[in-house]
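S.K.: Turn this into a model:
(one chain, ligands or ions: 1)
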Amino acid sequence: MNTSLETSIGGVRLSHPVMNASGILGSEPEHVNILVEAGFSAIVTKTFTLEPREGYPPPILVKLESGGYLNAVGLANRGARYIPLLVERAKACGKPIVVSIGGRNAKEFTELAIIVEEAGATAVELNLSCPHVKGHGLDLGSDPSLVYELVKEVASAIKIPVIVKLGLSDRVVDSSGRALEAGAKALTLINAIRAMAIDVYSAKPVLSNRQGGLSGPPIKPIAVRVVFDVYREYKAEIVGCGGISSWKDAAEFILAGAKAVQVGSALLGNRNVANEIVKGLESWTSLLGYSRLAELVGMAHKD
Ligand SMILES: Cc1cc2nc3c(=O)[nH]c(=O)nc-3n(C[C@H](O)[C@H](O)[C@H](O)COP(=O)(O)O)c2cc1C
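M.R.: Numbers count the residues shown, from 1 in each chain. The predicted model follows:
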């Protein structure tokens with residue numbers, strides 16, 4: 001039996017559901033080639049801000065003994081002028097490219113979104129979830145009315161699909177609903193979760209920024225729960241993200257309601273992870289007796 005993993009997000013057709021997550025590669029044009037060769041169906045860039053940002057001094061990324069990673073990169077990036085270089089590279093490879101953008105308010109996000117559209121990108125992902133930069137990301141995304149205003153302004157200024165990436169907060173379900181109401185075509189759920197670790201010998205926080213975002217396997221059950229809750233409430237188009245390193249992890253997100261997934265931390269240790277997930281999802285779909293993976297989206301909601 002021929003198994004199809006085809007899916008779509010915000011009207012963008014994808015040959016399979018496995019994308020990379022923003023910030024793990026995706027900041028340089030040559031990363032685009034690496035990600036294409038690694039088998040991802042669409043490329044997601046690092047979050048770009050209007051002006052270049054240096055980010056925090058090291059240490060910015062640590063592997064935790066208890067599993068997963070803690071990072072506070074500080075949204076380091078080369079600024080919006082660099083966006084067209086990555087878009088051009090993805091187009092030359094024939095791959096859809098989603099440009100992640102980060103601003104402090106609706107005006108900055110809108111300005112960035114217009115740059116992304118004019119560069120010819122396939123879609124834009126609004127980073128309303130970075131857990132470690134004050135006035136950015138989660139500070140905005142955890143306020144549902146702010147999410148509404150911001151997404152509304154961006155969505156009315158551009159024609160390409162707007163994907164909104166939200167992170168863990170008590171109000172993530174509300175923020176998701178408001179984002180959809182304001183014109184988001186899809187949601188990416190979730191980002192790294194605000195966390196910290198302390199070195200017991202130096203008695204100091206391990207990250208230069210003290211606090212950062214926890215990613216990798218420890219956050220997967222939390223991310224699956226958020227996807228499940230948001231899908232149950234709105235039947236939205238969801239890109240599941242958080243702790244995915246195998247086909248089984250991806251399958252859980254799909255059953256919870258995700259139409260696609262993003263892989264971040266796992267890519268730090270395994271450049272073949274996308275191919276492995278795709279292969280596993282193919283076998284799993286046919287093992288369950290289906291010809292299209294799409295039929296399994298949200299299946300865990302059935303009684
Ligand atoms: C080193 C690093 C840098 C990241 N940079 C970004 C970023 O620029 N924009 C963003 O939306 N998420 C960023 N993230 C979060 C990831 O995209 C992803 O949402 C999160 O790590 C959870 O997925 P994972 O467990 O597969 O890593 C970053 C994560 C890591 C580990």
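S.K.: Near the ligand, which residues of the stretch 1-150 of the chain? Just list them.
M.R.: Listed as neighbours of the ligand in the stretch 1-150 of the chain under the rule C-beta under 6 Å from any ligand atom: 21-24, 46-47, 61, 69, 71, 73, 75, 100, 127, 130. Quick note: C-beta positions are derived from backbone N, CA and C, even for glycine.
S.K.: Residue most distant from the centroid, the chain?
M.R.: Y201 (34.8 Å; C-alpha atoms, centre = their mean).
S.K.: hang on, it in a helix?
M.R.: No: applying DSSP: H, G, I helix; E, B strand; the rest coil, one finds Y201 to be coil, outside a helix.
S.K.: mind checking how far it is from Y56?
M.R.: Look at Y201 and Y56: by C-beta to C-beta, to the nearest Å, they are 22 Å apart.
S.K.: Quick check: K259 is in a strand.
M.R.: Yes: assignment of K259 by three-state DSSP places it within a strand.
S.K.: For it, which non-adjacent residue is spatially closest?
M.R.: T7 (5.0 Å; C-beta to C-beta, 6 or more residues apart in numbering).
S.K.: Can you name the residues that contact A197?
M.R.: V62, L64, L70, P205, V206, L207 (C-beta atoms under 8 Å, 6 or more residues apart in numbering).
S.K.: Can you tell me what sits against the host helix or strand of the third one?
M.R.: Using DSSP states H and E, the element containing L70 is strand 69-71. Residues from elsewhere that reach strand 69-71 (C-beta under 8 Å, 6+ apart): 60-64, 132, 192, 195-197, 206-207, 212-216, 265, 268.
S.K.: Quick one: buried ones out of the residues you listed?
M.R.: 60, 62, 132, 192, 195-197, 206-207, 212-216, 265, 268 (16 or more other C-beta atoms under 10 Å).
S.K.: Greatest separation within the residues you listed: which pair is it?
M.R.: Of all pairs drawn from the buried ones among the contacts of strand 69-71, the widest gap by C-beta to C-beta lies between M196 and L268 and measures 19.8 Å.
S.K.: gap between the most centrally placed residue in the chain and V200?
M.R.: Residue closest to the average C-alpha location in the chain (C-alpha atoms, centre = their mean): A21, at 4.5 Å. In this view, A21 and V200 are 30 Å apart by C-beta to C-beta.
S.K.: Find me the pLDDT at the residue of the chain found nearest the ligand, would you?
M.R.: Using C-beta to the nearest ligand atom, the closest approach of the chain to the ligand is made by G23 at 1.9 Å. pLDDT recorded at G23 is 97.
S.K.: Residues in a beta bridge with it, which ones?
M.R.: When assigned by DSSP bridges, G23 has beta-bridge partners L25.
S.K.: which residues does it contact?
M.R.: K46, T47, V73, S100, G264.
S.K.: Put together TSV for the residues you listed, with neighbour count and secondary structure on each row.
M.R.: Shown next, in TSV, are the contacts of G23 (neighbours: other C-beta atoms under 10 Å; DSSP: H, G, I helix; E, B strand; the rest coil):
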residue	neighbour count	secondary structure
K46	23	coil
T47	29	coil
V73	23	coil
S100	25	strand
G264	25	coil
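S.K.: possible to save those residues as CSV with pLDDT and distance to Y290?
M.R.: Shown next, in CSV, are the contacts of G23 (pLDDT from 0 to 100; distance: C-beta to C-beta, whole Å):
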residue, pLDDT, distance to Y290
K46, 97, 35
T47, 97, 35
V73, 93, 39
S100, 98, 32
G264, 98, 28
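S.K.: circling back to that earlier point, next step: the contacts of strand 69-71 restricted to strands.
M.R.: Here DSSP state E is the test, and the contacts of strand 69-71 give L61, V62, K63, A195, M196, G212, G213, L214, S215 as lying in strands.
S.K.: and those residues, which two are the farthest apart?
M.R.: K63 and M196 (14.9 Å).
S.K.: So A250 lies in a strand, does it not?
M.R.: No: looking at A250 with three-state DSSP, it is helix, so not inside a strand.
S.K.: pretty sure it is touching V261, no?
M.R.: Yes: assessed by C-beta atoms under 8 Å, A250 is found in contact with V261 at 4.8 Å.
S.K.: Show me whatever sits in contact with both of the two.
M.R.: What both A250 and V261 touch, as defined by C-beta under 8 Å, 6+ apart, is the set P17, V18, G240, I244, I277.
S.K.: Show me what counts as buried in the one helix or strand the last one maps to.
M.R.: To tie it back to what came earlier, the one meant is I277. Using DSSP H and E, I277 sits within helix 273-287. By 16+ other C-beta under 10 Å, the buried positions in helix 273-287 come out as V273, A274, E276, I277, V278, G280, L281, E282, W284, T285.
S.K.: for the second one, what are its contacts?
M.R.: What it means is A274. V18, N20, A38, G39, F40, V263.
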